[in-house]
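# what follows is a predicted structure for the sequence shown.
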Amino acid sequence: MPTLHRILRVAVAGLTLAAVVAQLYDSIHRGRSVVNFFSFFTIQSNLLAVVMLVAAAFTARLASLRGAVTLYLATTGIVYALLLAGREEALQTSLPWVNAALHYVTPVAVVADWVVAPAYLSGSYPRIVGTWLIYPLVYCAGSMVRGAITGWFPYPFLHPANGLAGVVTTILAIALSDALLGALIVWYSRLRSAGHV
């Protein structure tokens, strides 16, 4: 791997971690819950990106992890753009540069990293993509259970008060979209490995 590519991966990881830390500090300063802060998919997926990018800068043995994190960051960017833009205060990404980093820069950088240097993924599409979908589905279920107990939900589309049918429909739509995106990630990795692009 070219040295510049390694440096870029570490640089994006550094920016992402700095954004999370800065927003955490701001949230604590405002008296917000630290547990709630780390309950946002945006925060969790970006922290996964930090780990993945740093590790990928030094080893090539992370094909499935890279593919999974690429899917999660793509989901973060798309869901934010379609459903959550303009709700930065509620999402606890109220610092403009933090919001830009976590919802735009890192998702785009992680997807671009996969496009430029995909890793080959072995195994069947259902097994690979199905494994990747476990985390977001468990996240949604866990958020709803915790929300039912505490009364706090990280995202409005998970809040039953907005209509349970709407919640289920949105979760299913995100799951289907993730399944298609995941399949696309696998397909692209194999296309590149076969030397077609």
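Here it is on my side, so go on.
# list the buried residues of the longest helix seen in the chain.
Counting by DSSP state H, the longest helix found in the chain is helix 164-193. Neighbour counts over helix 164-193 (16 or more other C-beta atoms under 10 Å) mark 167, 170-171, 174, 178-179, 181-182, 185-186, 188-189, 192 as buried. In this view, the C-beta of every residue, glycine as well, is placed from N, C-alpha and C.
# closest to L4 out of these?
Here the nearest of the buried residues of helix 164-193 to L4, counting by C-beta to C-beta, is R192; it sits at 19.5 Å.
# quick one: the helices in this protein, in order.
Counting by DSSP H, the helices of the chain are 3-29, 34-37, 41-56, 63-79, 96-100, 106-116, 125-150, 164-193.
# avg pLDDT for the longest one?
Per-residue pLDDT over helix 164-193 has a mean of 94.
# that helix - contacts with which helices or strands?
Judged by 3 or more C-beta pairs under 8 Å, 6 or more residues apart in numbering; DSSP states H and E, helix 164-193 is in contact with helix 63-79, helix 106-116, helix 125-150.
# which two of the buried residues of helix 164-193 have the greatest separation?
V167 and R192 (37.4 Å).
# before we move on, the earlier item: save the helices of the chain as JSON lines, and put in distance to L158 too.
JSON lines is the format used below for those (distance: least, C-beta to C-beta, whole Å):
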{"stretch": "helix 3-29", "distance to L158": "19"}
{"stretch": "helix 34-37", "distance to L158": "13"}
{"stretch": "helix 41-56", "distance to L158": "10"}
{"stretch": "helix 63-79", "distance to L158": "11"}
{"stretch": "helix 96-100", "distance to L158": "20"}
{"stretch": "helix 106-116", "distance to L158": "20"}
{"stretch": "helix 125-150", "distance to L158": "5"}
{"stretch": "helix 164-193", "distance to L158": "6"}
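# shaky segments in the chain?
Counting by pLDDT under 70, the chain shows low-confidence ranges at 195-197.
# from the buried residues of helix 164-193, which is closest to L95?
L95 lies nearest to I174 out of the buried residues of helix 164-193, by C-beta to C-beta, at 26.0 Å.
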